[in-house]
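1. Need the 3D shape of this:
(2 chains)
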Amino acid sequence: MASHKESIIREPLITGKNITYAQITDDVLRPVENKPNKAWWIGFTVASLGALLWVFAVSWTFWFGIGSWGLNKTVGWAWDITGFVWWVGIGHAGTLISAVLLLFRQKWRNSINRSAEAMTIFAVICAATYVVSHMGRPWMALYCLPLPNQYGSLWVNFNSPLIWDVFAISTYFSVSLVFWYTGLLPDIATIRDRGTGWYRRIYSILSFGWTGSVKTWQRFETVSLILAGISTPLVLSVHTIVSMDFATSLEPGWHTTIFPPYFVAGAIFSGFAMVQTLLLVTRKVLGLENYITMFHIESMNKIILVTGSVVGVAYITEFFIAYYSGGEYEQYTFLNRFIGPYWWAACMMYGCNVLMTQVMWFKKVRTNIPMSWVLSIIVNIGMWFERFVIIVTSLHRDYIPSSWAMFYPTWIDVSVFIGSIGVFFTLFLLFIRVLPSIAMAEVKLLLKESSEQAKLEEIEAGHLDPAQVEFYKNSLKKFDSVDVSAYENA
Amino acid sequence: MSSTKYILGLFDDPDEMMHGIDKLQKNSVPIYDVYTPMPIHGIEAKLGIKDSRLGYAAFMFGCLGGTTILSMVYYFLSYDWPMNIGGKPHFGLPDFIPVTFEWSVLFASFGMAFTFFYSTHLFPGRAPRVMDLRATNDRFVIAIDAKGNIPHEDITNLLKEAGAVEIKHNDRKYVSYE
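-> Prediction:
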């Protein structure tokens, strides 16, 4: 049958009373079909000013060359690659939510996958801009690709992890885009069928003529499942290959075999933190509390806790192996993280990523919205410093003490970074304005089995184990969108 | 002769719609198609729709992608411009696993998605062939070809009994055409 009953002890994924299919459509499309509110305009203004700063700083870089950055002969990678890896990492949560959680049949992904995937795409765009601007001569970007040229043809070196990275990130971006857009088709069709005039015509073009017939849905589900299946190893491969950019070099601090799993865990960690940062604000501003519930927030916090702890174990392993290897350069690099001039960056890294996330063992913290938000920002900051420590602290003192140096960012370095955050938020704000930020079709699937109202009906009908009902009622207490008093007599 | 082209049964509940399908099938009324705002699990079996073969397409495209990039790398690094890097083999296969994997995934996903668009006739700008505008919102629509399925009254009654909230006798097949 179309729907079957779910165990009562599972927490509801849609809260609120009298939610109908039409109500879901209305709630999700409110920001799309109406003029944006003041909060959106303020956010958009600030974000687009940031994006303008980015345009300015990158134009400056192209005009004067990357000499306008703070790089020197010793520290040849700094804020640029830090920013790049940071953004690629953030870009990992979207596909993780939409692909891995789909394979594991985690139904709570249905209401957060759309915006998380959008976030992935925008984060990868930000990451790509770093790579292109670091080339200094961006028109040379074509030489990353194996294209016939006038030098012989001189081909790209497929033995190099940097070329693997070109392939991995471009594939990741394109596949995420296909995944995201295919999922959007039914929802765009909903906007189309509700609209009129030119508005309707635009969404009609974008909807590819979607009708929602049986065969279309069947194929759609097949495509989603297979895309999830192949995106899962893809998402793991991307950050693995990013880590190989470092791990295959002979630089102390980089040349470690733990890098691939360590980077992947870090990427999921920072990605979920960014999803949390965005969604906690989005659900409030767009009034989506009934669809992105406390259960979703707590689940994401649990993933942040797990991946943060995995990252913590990786840090400890790195230190142990540096000690155990007996390699003096390796040992010095790790000692230098604490006793060297960049000790404060290491404190930010270990403090924000490992110590701060451990407070999420407490349920009170996981279900507290302001604290979750602050912690997600702390994780974002910590993960930026992790990349800074790995890149700059390792490079600034390696083999020859005579070439030891410090790195000082210029205002261009800082502007490119702040600007890229502006670009990201501009794209995200435009997205929630013109496209449904929640996958409506997928949320509608949950209405009859996993919604609060369906479960309340079941309770009122009796026939349930009272102990289980009691357990369920207790689990509702943490929800900010549930009126618990309705359950007193039920 | 009535001018009705299609009879639509509009349901507000997927389970009742499934019930409606059962009822129509019991009375040997052929169903033209069903339009829903969300995927309905188990409906394909009921309507006798075969499994999608897109998985095979994805597999073939994946194989094509992997073969393409591996052949390209072989041509570049072993045939066209072999380089001596410390006497190592020109075609060191482990180094090429990442790119082979990436292109397998790339071809599989794009190949499958475009096969899906092609076989379902989805492309930007295609005129939507919508029978009822609420089928993408909150109505589960069973469409029955009126031609040959008479009397229409009986079909209407069947749908009504099954719990349809609205029954439409449409003179036009697609309401979305301007």
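2. Number of residues surrounding the residue in chain B positioned nearest to chain A?
-> The nearest approach of chain B to chain A comes at B:R126, 3.1 Å away (Cβ to the nearest Cβ). The C-beta positions use only the backbone N, C-alpha and C, and glycine is treated the same way. Residues within reach of B:R126, counting by other Cβ atoms under 10 Å in any protein chain shown, total 17.
3. For it, give me the pLDDT.
-> At B:R126, the pLDDT value in this model is 88.
4. Thought A:R192 was touching it, still the case?
-> No - under the criterion of Cβ atoms under 8 Å, B:R126 makes no contact with A:R192, lying 11.5 Å away.
5. Which residue ranges of chain B form strands?
-> If you assign secondary structure with DSSP state E, the strands in chain B sit at B:6-11, B:33-35, B:140-145, B:166-170.
6. tell me the domain ranges of chain B?
-> Residue ranges of the domains in chain B are recorded as B:6-50+B:129-170, B:54-119, according to automatic domain parsing.
7. Just put these in CSV and tack on distance to A:C352, mean pLDDT and mean neighbour count.
-> Formatted as CSV, those follow (distance: least, Cβ to Cβ, whole Å; pLDDT from 0 to 100; neighbours: other Cβ atoms under 10 Å in any protein chain shown):
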stretch, distance to A:C352, mean pLDDT, mean neighbour count
domain B:6-50+B:129-170, 41, 87, 18
domain B:54-119, 31, 93, 17
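8. Please produce TSV containing these, extended by distance to chain A.
-> Converted to TSV, the domains of chain B look like this (distance: least, Cβ to the nearest Cβ, whole Å):
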stretch	distance to chain A
domain B:6-50+B:129-170	4
domain B:54-119	4
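9. For A:G253, find the nearest of these.
-> Across the domains of chain B, the minimum distance to A:G253, taken as Cβ to Cβ, is reached by domain B:54-119, at 22.9 Å.
10. any idea how far the closest one is from the chain center?
-> Between the mean C-alpha point of domain B:54-119 and the mean C-alpha point of its chain there is a distance of 28 Å (Cα atoms, centre = their mean, to the nearest Å).
11. Find the closest residue to chain B in the stretch 151-300 of chain A.
-> Each residue of the stretch 151-300 of chain A has a distance to chain B, by Cβ to the nearest Cβ, and the smallest belongs to A:G209, at 3.1 Å.
12. Give the burial count for that residue, as a bare number.
-> Taking other Cβ under 10 Å as the definition, A:G209 ends up with a neighbour count of 23.
13. how about the nearest residue to A:V469, chain neighbours excluded?
-> Setting aside the residues directly before and after it, A:V469 is nearest to A:I459 in space (Cβ to Cβ, 6 or more residues apart in numbering or on different chains), at 5.6 Å.
14. residues contacting the one you found?
-> Residues near A:I459 by Cβ atoms under 8 Å, 6 or more residues apart in numbering or on different chains: A:I8, A:V469, A:Y472, A:Y487, A:A490.
15. Looking at the residue nearest the centre of chain B now. What's its pLDDT?
-> Centroid-nearest residue in chain B, with Cα atoms, centre = their mean: B:T120, separated by 5.7 Å. At B:T120, the pLDDT value in this model is 91.
16. coming back round to it: so who does the residue of the stretch 151-300 of chain A closest to chain B touch?
-> The neighbourhood of A:G209, defined by Cβ under 8 Å, 6+ apart, consists of B:H121, B:L122, B:F123, B:G125, B:R126, B:A127, B:P128, B:R129.
17. would you turn the residues you listed into CSV with distance to A:D165?
-> Compiled in CSV, the contacts of A:G209 are given as follows (distance: Cβ to Cβ, whole Å):
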residue, distance to A:D165
B:H121, 37
B:L122, 33
B:F123, 33
B:G125, 36
B:R126, 37
B:A127, 42
B:P128, 41
B:R129, 44
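18. For ChimeraX, what selects the buried ones among the residues you listed?
-> Buried residues among these (16 or more other Cβ atoms under 10 Å in any protein chain shown), as a ChimeraX selection:
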select /B:122,126,128,129
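19. Now do the SS call for the residue of the stretch 151-300 of chain A closest to chain B.
-> Per DSSP: H, G, I helix; E, B strand; the rest coil, the secondary structure class of A:G209 is coil.
20. picking up where we left off before, tell me the one among the contacts of A:G209 nearest to A:T216.
-> Proximity to A:T216 was ranked across those by Cβ to Cβ; first place goes to B:L122, at 7.8 Å.
21. Please name the residues that touch that closest one.
-> B:L122 makes contact with A:L185, A:F208, A:G209, A:W210, A:T216, B:F116 under the criterion Cβ under 8 Å, 6+ apart.
22. now B:F101
-> For B:F101, counting by Cβ under 8 Å, 6+ apart, the contacting residues are A:P233, A:S237, B:G66.
23. roughly how far apart are it and A:S98?
-> For B:F101, the distance to A:S98 (Cβ to Cβ, to the nearest Å) stands at 20 Å.
24. Please apply the same query to B:F114.
-> For B:F114, the distance to A:S98 under the criterion Cβ to Cβ works out to 20 Å.
25. for A:D26, same thing?
-> Relative to A:S98, A:D26 is positioned 24 Å away (Cβ to Cβ).
26. For those two, indicate the residue with more neighbours.
-> Taking other Cβ under 10 Å, A:D26 and A:S98 do not tie; A:S98 has more neighbours (28 against 14).
27. Am I right that the more buried one is in contact with A:S111?
-> No - the pair A:S98 and A:S111 fails to qualify as a contact (Cβ under 8 Å) at a distance of 11.8 Å.
28. joint contacts of the two?
-> Between them, A:S98 and A:S111 share no neighbouring residue, with contact defined by Cβ under 8 Å, 6+ apart.
29. any low-confidence regions in the stretch 51-200 of chain A?
-> Scanning the stretch 51-200 of chain A for pLDDT under 70 picks out no residues.
30. need the helices for it, in chain order.
-> A:79-90, A:92-95, A:101-103, A:113-134, A:161-194, A:197-206 (DSSP state H, counting those that start in this stretch).
31. and the direction of the fourth one versus that of helix A:79-90, what angle?
-> So the one you mean is helix A:113-134. Taking axes from the mean of the first three to the mean of the last three Cα atoms, to 10 degrees, one finds that helix A:113-134 is oriented at 160 degrees with respect to helix A:79-90.
32. Report all helices and strands that helix A:113-134 contacts.
-> On a contact count with 3 or more Cβ pairs under 8 Å, 6 or more residues apart in numbering or on different chains; DSSP states H and E, helix A:113-134 meets helix A:38-64, helix A:79-90, helix A:92-95, helix A:161-194, helix A:259-285, helix A:411-434.
33. Single out the most deeply packed of those.
-> For those, average neighbour numbers computed from mean count of other Cβ atoms under 10 Å in any protein chain shown are highest in helix A:92-95, which has a mean of 29.
34. Name the surrounding residues that touch that helix.
-> If you take Cβ under 8 Å, 6+ apart as the criterion, helix A:92-95 is touched by A:113, A:116-121, A:123, A:172, A:176, A:179-180, A:231, A:234-235, A:238-239, A:264, A:267-268, A:270-272, A:274-275.
35. circling back to that earlier point, for the helices and strands packed on helix A:113-134, could you give me a markdown table that also reports distance to B:V141?
-> Below are those laid out as a markdown table (distance: least, Cβ to Cβ, whole Å):
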| stretch | distance to B:V141 |
| --- | --- |
| helix A:38-64 | 35 |
| helix A:79-90 | 41 |
| helix A:92-95 | 33 |
| helix A:161-194 | 12 |
| helix A:259-285 | 32 |
| helix A:411-434 | 27 |
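36. Tell me where chain B has helices.
-> B:14-26, B:43-47, B:54-74, B:93-119, B:152-162 (DSSP state H).
37. I'd like to know which of the ones you listed is closest to A:N149.
-> Going by Cβ to Cβ, the one of the helices of chain B nearest A:N149 is helix B:54-74, 14.7 Å.
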